[in-house]
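Please find the sequence and the predicted model below.
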Amino acid sequence: MMNNLKPGERLDDLQINGYRIIQSPGRFCFGMDAVLLSAFAKIKRGEKALDLGTGTGILPLLLEAKNPEGQSFAGLEIQEESADMARRSVCLNHLEQKISIVTGDIKEASALFGAASFHVVTVNPPYMIGQHGLKNENYAKYVARHEVLCTLEDVLRQSALVLKEKGRFYMVHRPFRLTEILAGMSRYHLEPKRMRLVYPYRDKEPNMVLVEGVKGGRPRLTVEPPLIVYKKGGTYTEELLKLYGLDEPDEERAGK
């Protein structure tokens with residue numbers, strides 16, 4: 001499979017089920033937000049899940065590994081280069097019967113897949129509005145980080161359309177847009193049910209938020225305990241290590 005890597009690509013170990021993923025540092029590599037979302041989302045036996053804006057397919061790969069009882073996992077990605085890497089990663093891990101990657105626009109998800117087609121939708125969308133934040137000269141990274149090809153409104157609208165009644169919506173985003181997120185979810189009847197804030201350090205402001213909504217659910221929001229990423233000194237907390245599948249003590253890992 002190494003011979004099938006294109007210039008600038010690399011093969012990374014996902015440290016679960018022996019799965020690997022093809023990525024290109026020159027385009028965009030997955031981060032902690034994708035890993036945390038894969039741990040936050042739950043797929044039950046026989047359910048079909050769709051990841052919107054899947055990039056190189058990290059969410060379908062991790063979700064299948066953590067929820068093998070799920071019936072199928074699909075990823076929708078508008079950038080063909082990223083979708084191609086995702087497809088090759090699916091083949092590399094022999095998951096063609098479980099995971100499919102479709103090239104297409106999030107704004108057309110319901111037309112591509114049909115209404116009420118999925119039990120679960122996950123999304124790690126662009127966080128920045130238009131010119132907010134630093135514009136990256138790399139177009140692939142810019143699209144991944146800024147709402148240039150789709151907006152939060154597009155994501156919520158299409159998620160509501162492709163989800164079955166009582167289907168679940170999972171998203172990771174930035175806390176500075178939390179009011180907009182919760183209001184938009186309610187507007188599209190993706191009733192917020194569960195939320196967890198992620199803090200880099202215990203004494204710092206949160207920099208990520210994980211939210212779950214249920215299509216047609218009743219209003220009742222549970223706020224889970226905060227997730228702290230780092231301890232003093234910059235080492236990962238025990239919970240973060242477990243989410244990554246690295247639950248060995250620091251000194252043991254350092255000795256390997």
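Perfect, I can see it now.

hey, where'd the helices end up in the stretch 1-150 of the chain?
According to DSSP state H, counting those that start in this stretch, the stretch 1-150 of the chain carries its helices in the segments 32-40, 58-66, 80-92, 109-113, 139-145.

quick check: mean pLDDT across the shortest one?
Spelled out, that is helix 109-113. In this model, helix 109-113 has an average pLDDT of 97.

That one packs against which elements?
strand 48-52, strand 72-77, helix 152-162 (3 or more C-beta pairs under 8 Å, 6 or more residues apart in numbering; DSSP states H and E). Every residue, glycine included, has its C-beta placed from N, CA and C.

one more time with 10 Å, if that's ok
Applying 3 or more C-beta pairs under 10 Å, 6 or more residues apart in numbering; DSSP states H and E, we find helix 109-113 packed against strand 48-52, strand 72-77, strand 99-103, helix 152-162.

repeat for the second one
Using 3+ C-beta pairs under 10 Å, 6+ apart, the elements in contact with helix 58-66 are strand 20-23, helix 32-40, strand 48-52, strand 72-77, helix 80-92, strand 99-103, strand 118-123, strand 163-173.

Go through stretch 109-125 and flag the buried ones.
The neighbour-count check on stretch 109-125 (16 or more other C-beta atoms under 10 Å) flags 109-110, 112-113, 117-125 as buried.

quick one on the thing from earlier: minimum distance to G245: which of the helices and strands packed on helix 58-66 has it?
With distances scored as C-beta to C-beta, the stretch of those nearest to G245 is helix 32-40 (9.4 Å).

Tell me which of the helices and strands packed on helix 58-66 approaches I58 most closely.
Nearest to I58 among the helices and strands packed on helix 58-66 is helix 32-40; the distance by C-beta to C-beta comes to 4.8 Å.

Could you export that closest one as CSV, CA atoms only?
Below are the C-alpha coordinates for helix 32-40, written out as CSV (Å, rounded to 0.1, in the frame of the first residue of the first chain):
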residue,chain,number,x,y,z
MET,A,32,-7.9,16.2,18.7
ASP,A,33,-11.4,17.5,17.9
ALA,A,34,-12.0,14.6,15.6
VAL,A,35,-10.8,12.1,18.2
LEU,A,36,-13.0,13.6,21.0
LEU,A,37,-16.0,13.7,18.7
SER,A,38,-15.5,10.0,17.9
ALA,A,39,-15.6,9.2,21.6
PHE,A,40,-18.6,11.4,22.3
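
what angle separates it from strand 118-123?
If you take axes from the mean of the first three to the mean of the last three C-alpha atoms, to 10 degrees, helix 32-40 sits at 160 degrees to strand 118-123.

now for helix 32-40, which elements pack on it?
Helices and strands touching helix 32-40, by 3+ C-beta pairs under 10 Å, 6+ apart, are strand 48-52, helix 58-66, strand 118-123, strand 163-173, strand 190-199, strand 208-215, strand 227-228, helix 238-243.

Any chance of JSON lines for the ones you listed, columns distance to G104 and mean pLDDT?
Putting the helices and strands packed on helix 32-40 into JSON lines (distance: least, C-beta to C-beta, whole Å; pLDDT from 0 to 100) gives the following:
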{"stretch": "strand 48-52", "distance to G104": "10", "mean pLDDT": "98"}
{"stretch": "helix 58-66", "distance to G104": "15", "mean pLDDT": "97"}
{"stretch": "strand 118-123", "distance to G104": "14", "mean pLDDT": "98"}
{"stretch": "strand 163-173", "distance to G104": "17", "mean pLDDT": "98"}
{"stretch": "strand 190-199", "distance to G104": "21", "mean pLDDT": "98"}
{"stretch": "strand 208-215", "distance to G104": "21", "mean pLDDT": "98"}
{"stretch": "strand 227-228", "distance to G104": "32", "mean pLDDT": "98"}
{"stretch": "helix 238-243", "distance to G104": "30", "mean pLDDT": "94"}
